[in-house]
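Novice: Quick one, what's the 3D model for this:
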Amino acid sequence: MEQATIEQALLEQVRALTPAQQQEVLDFAAFLRQKPPQPSPKARTPGLHKDDSYWMADDFDDPLPDEFWLGEDA
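Specialist: Numbers count the residues shown, from 1 in each chain. The predicted structure is shown next:
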């Protein structure tokens, strides 16, 4: 059996729908054509920044003061 392409499979599915459902598929296809394409995620590179130096403050884990949460007027 010949492997169906996406287009052939889509046509088979659409032909099995009612005319109202086919209109919904058509409307959705028109909507998809108007959407900008989503950018492909960039490939991750393990160890890319392993040799980069960084600095973390000694008080990094200390609780934040109430002014941070309540504003300076608190």
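
Novice: Dihedrals phi and psi, F60?
Specialist: phi -60, psi -40 (degrees, to the nearest 10).

Novice: pLDDT score for the residue minimising distance to the centre of the chain?
Specialist: By CA atoms, centre = their mean, the chain has its centre lying nearest to Q38, at 7.9 Å. Note on Q38: pLDDT of 87.

Novice: and the gap between it and I6?
Specialist: For Q38, the distance to I6 equals 18 Å [CB to CB, to the nearest Å]. Heads up, the C-betas are built off the backbone N, CA and C, glycines and all.

Novice: what packs against the lengthiest helix in the chain?
Specialist: Longest among the helix segments of the chain by residue count, using DSSP state H, is helix 19-34. Counting contacts by 3 or more CB pairs under 8 Å, 6 or more residues apart in numbering; DSSP states H and E, helix 19-34 is packed against no other helix or strand.

Novice: can you give me how far it is from the chain middle?
Specialist: Relative to the mean C-alpha coordinate of its chain, helix 19-34 is positioned 22 Å out (CA atoms, centre = their mean, to the nearest Å).

Novice: quick one: contacts of that helix?
Specialist: 14, 17 (CB atoms under 8 Å, 6 or more residues apart in numbering).

Novice: ok, and for the helix or strand following it, which residues are buried?
Specialist: Where DSSP states H and E defines the elements, the next helix or strand beyond helix 19-34 is helix 66-70. Within helix 66-70, no residue is scored as buried using 16 or more other CB atoms under 10 Å.

Novice: Just the CA trace of helix 66-70, in CSV.
Specialist: Presented in CSV, the C-alpha positions along helix 66-70 are these (Å, rounded to 0.1, in the frame of the first residue of the first chain):
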residue,chain,number,x,y,z
ASP,A,66,9.6,44.7,53.5
GLU,A,67,10.2,47.8,51.4
PHE,A,68,10.8,45.5,48.4
TRP,A,69,7.4,43.9,48.8
LEU,A,70,5.4,46.8,50.1
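
Novice: Now it: average pLDDT?
Specialist: Computed over helix 66-70, the average pLDDT equals 91.
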